[in-house]
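> pasting the sequence and the predicted coordinates here, then a few questions.
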Amino acid sequence: MISVSKLLCGLDAEGDGLRYDAANESDTEQISEEKQRRPVVVWNTTRGCNLYCEHCYASACDSGADGEFSTREGKRLLDDLADYGVPVVLFSGGEPLVRPDLVELVDYAADVGLRPVLSTNGTLITAERAQQLADAGLAYAGISVDGMAETNDHFRGQDGAFDAAVRGIEHCLDAGLKTGLRYTITQHNRDDLRDIVDLLADTGLDRFCFYHLAYGGRGADISDTDLSTAERREAVREVCDLTRAYHEDGHEIETLLVGNYADAGYITEYARREMSEERARTVRRYLETNGGDPAGERVADIDYQGNVHLNQFWQSYSLGNVRDRSFGAIWEDDSNPLVNALRTRDDRLQGRCTDCQYADICKGGSPLRSLAVHDDPFAPDPQCYLTSAERAPDTGGLHPTNAD
Amino acid sequence: MPVEDRRRVSDAPRATDGSEWEVFVREASTDPMRHVGSVTAETWDLAYEQAATLFSFTADDIWLCPADAVHRFTPTTLDEAASAAGD
Ligand code: SF4
């Protein structure tokens, strides 16, 4: 997760010694002194969902799955995560609001010292439920909307889903909940990007997270709708441009890019081209700690049946199950060669990544996409969109390219 | 550990899109077989394909076992439906 607004509009001059990290979904401070030591944990509380989205990584459907956690098991799991020192638990699904005990679980998470945050399609958030969640200590609600009304409703498989999600956003804001948009960019909705920001900024929303498509679950089935290299450059550039335009108008929205660490290189190059060499140096320096795809390191996932995954999109492989042993024991088991290799993946870079000047802050991008496309998690991310001039260590990226 | 401290983990399903397969690898012929997690797949050959793409960089031997053929006994107390080990 890379905060475009922080990097392009929010950083002061060099030399303050702070470091940058933004692996989690919450609104926790994204400039921190220390490297994050424990992962943010995504918990898919249920497979059940009231929608049927084309890109769902959890392959959700209208019913829960056998083996989902009871309320009591959920609380035991939250105790386990708190004991291990997990900073943030992200309640996800399916659609977590179909669980009648969601408020109780959020409340419990806050009580045991976890920071509870929520990922939802927003359509089931009534004014009453928003207030209950706020009272329970929910720290953040991320609401998925994937385009303007027509695009979103087609994508989400239900007429009226857009209006219901916008109402959900308004209820969260009215309840005083920190709330943000989640938007997965594909060919279907890239043209709606600026309109959605304008529309939702008018409702009072001030946080916008743009996701690159992950190739996991149903997301892998629609990889043919993913952006081309040129389209991706254009979309990321638009996020950068609109962020700066809003800030110049005095409207300090927060914008983030998620799921593709080539963005780190792109934003550094953007800062150099559009702002100044000094800004580019500052941006790069802030990206140097905790860079790279967080799978297996700064983020973990526990699915609705207790299987632990390297991130929320990588559901086809599990490290172990929390009904067998504690999350911390599974996560720290250094006998797993794949996990060890992912945690030292700087040593395994291949192809274009080996001489990329941004390898230290990108680390080859998403291992899951590489696995899906190249059958090799250590191959270069097929979504990498930097030009050879931008990647070249010899130029230091100093020469503007014509690629935009 | 006293036998009675261990409970049998319930047979709750571990996958919905297919079956879960426990994966074991051996990195060199003199190494022990090592459990390295599980993959989800409809059939053993698809499970093997998945395990091979994940572990070929290090493994010589790969073994697969259907997860529901494995009975697990543990002192871990999360599973509400766990039963006494002898039941
Ligand atoms: S070449 Fe590799 S390391 Fe460099 S930005 Fe692209 S994916 Fe990342």
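Here it is on my side, so go on. As the structure is a prediction and not an experimental result, all values here were calculated from the model.
> so how far is B:Arg14 from B:Ala67?
To B:Arg14, B:Ala67 is 5 Å away according to CB to CB, to the nearest Å. Just so you know, the C-beta spots here come from the backbone N, C-alpha and C atoms, and that holds for glycine as well.
> identify the contacts common to these two.
Taking CB atoms under 8 Å, 6 or more residues apart in numbering or on different chains as the contact rule, B:Ala67 and B:Arg14 both touch B:Glu20, B:Ser38.
> which residue does chain B bring closest to the ligand?
The nearest approach of chain B to the ligand comes at B:Phe57, 17.9 Å away (CB to the nearest ligand atom).
> what count of nearby residues applies to the residue in chain B positioned nearest to chain A?
Closest approach between chain B and chain A, counting by CB to the nearest CB: B:Ala12, at 3.4 Å. For B:Ala12, the neighbour count with other CB atoms under 10 Å in any protein chain shown is 19.
> hang on, the earlier thing: phi, psi for the closest residue to the residue of chain B closest to the ligand other than its chain neighbours please.
Residue nearest to B:Phe57 in three dimensions, not counting chain neighbours: A:Ala341, with 6.8 Å by CB to CB, 6 or more residues apart in numbering or on different chains. Main-chain dihedrals, A:Ala341, degrees, to the nearest 10: phi -70, psi -40.
> again with A:Cys172
Dihedral angles for A:Cys172 - degrees, to the nearest 10 - are phi -60, psi -40.
> any idea what the closest residue to it other than its chain neighbours is bridged to?
Computed as CB to CB, 6+ apart, the closest residue to A:Cys172 that is not its neighbour in sequence is A:Thr179, at 4.2 Å. Beta bridges link A:Thr179 to A:Ala141, judged by DSSP bridges.
> these two touch, right, A:Thr179 and A:Arg207?
Yes - between A:Thr179 and A:Arg207 a contact is recorded at 7.0 Å, counting by CB atoms under 8 Å.
> what about those two, which has more around it?
Comparing A:Thr179 with A:Arg207 by neighbour count (other CB under 10 Å), the higher total belongs to A:Thr179, at 28 against 19.
> got any ranges where the stretch 101-250 of chain A has weak pLDDT?
The stretch 101-250 of chain A contains residues with pLDDT under 70 at A:217-220.
> 80 - rerun?
Where the stretch 101-250 of chain A drops to pLDDT under 80, the residues are A:155-157, A:217-222.
> for it, which segments are assigned as strands?
Secondary structure of the stretch 101-250 of chain A (DSSP state E, counting those that start in this stretch): strands at A:115-120, A:140-144, A:179-185, A:207-212.
> in the chain, which residue is most central in space?
No chain was given, so I picked chain A. Geometric centre of chain A, nearest residue: A:Val258, 4.5 Å, by CA atoms, centre = their mean.
> look at chain B instead
Central residue of chain B (CA atoms, centre = their mean): B:Glu22, at 3.2 Å.
> that one and B:Val70 touch, don't they?
Yes - using CB under 8 Å, B:Glu22 is in contact with B:Val70, at 5.9 Å.
> tell me which element the residue of chain B closest to the ligand falls in.
B:Phe57 belongs to no helix or strand when assigned by DSSP states H and E.
> contacts only, for it.
B:Phe57 sits next to A:Pro337, A:Ala341, A:Asp376, A:Phe378 when contact means CB under 8 Å, 6+ apart.
> quick one: name the residues of the stretch 1-150 of chain A near chain B.
Proximity of the stretch 1-150 of chain A to chain B, by CB under 8 Å from any CB of the partner chain, involves residues A:Arg47, A:Ser59, A:Ala65, A:Asp66, A:Gly67, A:Ser70, A:Arg72, A:Glu73, A:Arg76, A:Leu77, A:Asp80.
> the first one: neighbouring residues, count only.
Meaning A:Arg47. 26.
> what's it sitting at in phi/psi?
According to degrees, to the nearest 10, A:Arg47 has phi -80, psi -20.
> want to try CSV for the strands of the stretch 101-250 of chain A, with distance to A:Val236 as columns?
Converted to CSV, those look like this (distance: least, CB to CB, whole Å):
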stretch, distance to A:Val236
strand A:115-120, 22
strand A:140-144, 20
strand A:179-185, 9
strand A:207-212, 8
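> show me where chain B has strands.
Ranges of strands within chain B are B:7-8, B:19-26, B:34-41, B:61-66, B:73-74, B:83-84, based on DSSP state E.
> which of those strands sits closest to A:Cys356?
Evaluated with CB to CB, the strands of chain B place strand B:34-41 nearest to A:Cys356, the distance being 29.7 Å.
> counting by contacts, list what that closest one packs against.
Secondary-structure packing of strand B:34-41 (3 or more CB pairs under 8 Å, 6 or more residues apart in numbering or on different chains; DSSP states H and E): strand A:317-318, helix A:337-343, strand B:19-26, helix B:44-55.
> and it, what's buried?
B:His35, B:Val36, B:Gly37, B:Ser38, B:Val39, B:Thr40, B:Ala41 (16 or more other CB atoms under 10 Å in any protein chain shown).
> repeat for stretch B:41-51
Neighbour count says stretch B:41-51 has B:Ala41, B:Ala47, B:Tyr48, B:Gln50, B:Ala51 buried, by 16+ other CB under 10 Å.
> ok, now how distant is the first one from B:Glu20?
Looking back up the chat, that one is B:Ala41. 9 Å.
> which residues touch B:Glu49?
Residues in contact with B:Glu49 (CB under 8 Å, 6+ apart) are B:Ala41.
> same question but for A:Ser223, I mixed them up
A:Ser223 neighbours (CB under 8 Å, 6+ apart): A:Leu213, A:Tyr215, A:Ala372, A:Val373.
> contacts for the helix or strand of chain B with the lowest mean pLDDT?
Scoring the helices and strands of chain B by mean pLDDT, DSSP states H and E places strand B:83-84 at the bottom, with a mean of 88. Contact with strand B:83-84 is made by B:Glu4, B:Arg7, B:Arg8, B:Ser10, as judged by CB under 8 Å, 6+ apart.
> now the buried members of these.
For the contacts of strand B:83-84, a neighbour count by 16+ other CB under 10 Å gives the buried set as B:Arg7, B:Arg8.
> which of the contacts of strand B:83-84 are close to chain A?
The subset of the contacts of strand B:83-84 within reach of chain A, by CB under 8 Å from any CB, is B:Ser10.
> in JSON lines: the contacts of strand B:83-84, plus pLDDT.
Output for these, formatted as JSON lines (pLDDT from 0 to 100):
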{"residue": "B:Glu4", "pLDDT": "83"}
{"residue": "B:Arg7", "pLDDT": "92"}
{"residue": "B:Arg8", "pLDDT": "92"}
{"residue": "B:Ser10", "pLDDT": "89"}
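> just send the contacts of strand B:83-84 back as TSV, with distance to the ligand too.
As requested, the contacts of strand B:83-84 are exported to TSV (distance: CB to the nearest ligand atom, whole Å):
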residue	distance to the ligand
B:Glu4	53
B:Arg7	46
B:Arg8	46
B:Ser10	43
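> ok, back up a step: as a markdown table, the helices and strands packed on strand B:34-41 with distance to the ligand and mean pLDDT would be great.
Output for the helices and strands packed on strand B:34-41, formatted as a markdown table (distance: least, CB to the nearest ligand atom, whole Å; pLDDT from 0 to 100):
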| stretch | distance to the ligand | mean pLDDT |
| --- | --- | --- |
| strand A:317-318 | 21 | 97 |
| helix A:337-343 | 15 | 95 |
| strand B:19-26 | 27 | 96 |
| helix B:44-55 | 19 | 96 |
